[in-house]
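sequence plus predicted model, see below.
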Amino acid sequence: MTSRTLDAVNKQIQAEFQSAYIYLAMSGRFEDMKMSGAANWMRIQWQEETAHAMKLFDHLIRRGQAPVLETLDAPTVSFESALDAFEQVLAHEQHVTKLIHELYEVAIEEKDYALQTLMHWYIDEQVEEEENAEAIIDSLRLAGESGQGLFLVDRELGQRAPEEEEE
């Protein structure tokens, strides 16, 4: 593994942990808004992002490299509605998709075939992440900003349970 690849993977580990931190903060904001279903969804997203970071962390260890953890920034969470929050989620996931594509490009340029194989999983995962955020945004737009529709969407978000991550 080249130093360029190692640096790029460490950067992605930091980005995944930063994402987890953002989602945990969003969970807290939803709790404050008395939207326990959306808070649950964000907490599970926090767990998923942490698992994504650990998958890369473990990849480095398996390849004889020591992961380097960087400082996380305090997340700035500012939204007044569930729709606004999930639009922020979609924008954030689109940003993460860009980072994943950049890491895949490094793996190709450095001829790191093991990392390329791993990155296929992340590329597929990002398609799912963006698709999920878009579906929630669609539901929230249909439901409206308050009332029974929003209540039902929040209740549906509360049904989300952690999934088993595939290797």
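Great, that's in hand. Everything numeric in this text was worked out from a predicted model, so none of it was measured. Residues are numbered from 1 along each chain as shown.

C-alpha from now on. contacts and neighbour counts both.
OK.

list the buried residues of the host helix or strand of Ala53.
Taking DSSP states H and E as the definition, Ala53 sits inside helix 36-62. Within helix 36-62, the residues scored as buried using 16 or more other Cα atoms under 10 Å are 36-53, 55-57, 59-60.

which residue is nearest the centroid of the protein?
With distances taken as Cα atoms, centre = their mean, Glu49 lies nearest the centre of the chain, 4.6 Å away.

quick one: contacts for that residue?
Taking Cα atoms under 8 Å, 6 or more residues apart in numbering, we find Glu49 in contact with Glu16, Phe17, Ser19, Ala20.

give me the pLDDT for the second one.
Looking at Phe17, its pLDDT is 98.

next one: it from Met33, what distance?
Remark: distance between Phe17 and Met33 (Cα to Cα, to the nearest Å) = 25 Å.

neighbour count: the two, which is higher?
Phe17 (24 against 14; other Cα atoms under 10 Å).

now do the SS call for that one.
Under the three-state scheme (DSSP: H, G, I helix; E, B strand; the rest coil), Phe17 adopts helix.

could you pull out the helices for this structure?
Using DSSP state H, the helices of the chain run over 3-32, 36-62, 82-109, 113-143, 148-157.

what angle sits between the shortest one and helix 82-109?
Read it as helix 148-157. Relative orientation of helix 148-157 and helix 82-109, computed by axes from the mean of the first three to the mean of the last three Cα atoms, to 10 degrees: 40 degrees.

same question, the fourth one
In terms of direction (the same axes, to 10 degrees), helix 113-143 departs from helix 82-109 by 160 degrees.

pLDDT of helix 113-143, averaged?
Taken as a whole, helix 113-143 has a mean pLDDT of 96.

hey, least reliable of the helices of the chain by pLDDT?
Lowest mean pLDDT within the helices of the chain: helix 148-157, at a mean of 89.

now it: buried residues?
Neighbour counts over helix 148-157 (16+ other Cα under 10 Å) mark Gly149, Leu150, Phe151, Val153, Asp154, Arg155, Leu157 as buried.

distance of the fourth one relative to Lys34?
Going back to what we said before, that points to Val153. With distances taken as Cα to Cα, Val153 is found 13 Å from Lys34.
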